[in-house]
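*Asks:* Model the following, please.
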Amino acid sequence: MKHFIIFVGLDVHKDSIVIALADDGRNGEIRFYGTIGGDLDSLDKAIRKFRRSDVELRFVYDGGNSLACIGVPSACGTGRSDSMIA
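*Replies:* Next up is the predicted model:
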């Protein structure tokens, strides 16, 4: 079975999170997913939509202080990979 990597970009704000998705590779498709609520439940619901057995999610987010408010590492579950862009 083919294995896919999808990068999940999170722009975290106090009351919202903007999400973009990017497929792996130089020519991978980049798409805007949307804006969700800034709470952990909204993030968890969105992540569940991206999960598939053949997909590895890699989370990328900016280094702002908002990240600690939503607890991204606990929301991502096992098998995740996180990166911070400063």
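
*Asks:* Show me the longest helix that occurs in this structure.
*Replies:* helix 40-50 (DSSP state H).

*Asks:* what packs against the helix or strand just after it?
*Replies:* Where DSSP states H and E defines the elements, the next helix or strand beyond helix 40-50 is strand 55-62. Counting contacts by 3 or more CB pairs under 8 Å, 6 or more residues apart in numbering; DSSP states H and E, strand 55-62 is packed against strand 4-12, helix 72-76, strand 81-85. For every residue, glycine as well, the C-beta is placed using N, CA and C.

*Asks:* What lies in contact with the helix or strand following the longest one?
*Replies:* By that I understand strand 4-12. Downstream of strand 4-12, the next assigned helix or strand under DSSP H and E is strand 16-23. The contact list for strand 16-23 (CB atoms under 8 Å, 6 or more residues apart in numbering) reads 4-11, 28-38, 42-43, 46, 50, 70.

*Asks:* For ChimeraX, what selects the buried ones among these?
*Replies:* In ChimeraX, this line selects whichever of the contacts of strand 16-23 come out buried by 16 or more other CB atoms under 10 Å:
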select :6,7,8,9,10,36,38,42,43,46,70
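
*Asks:* Just give the closest residue to residue 3, not the sequence neighbours.
*Replies:* residue 54 (6.0 Å; CB to CB, 6 or more residues apart in numbering).
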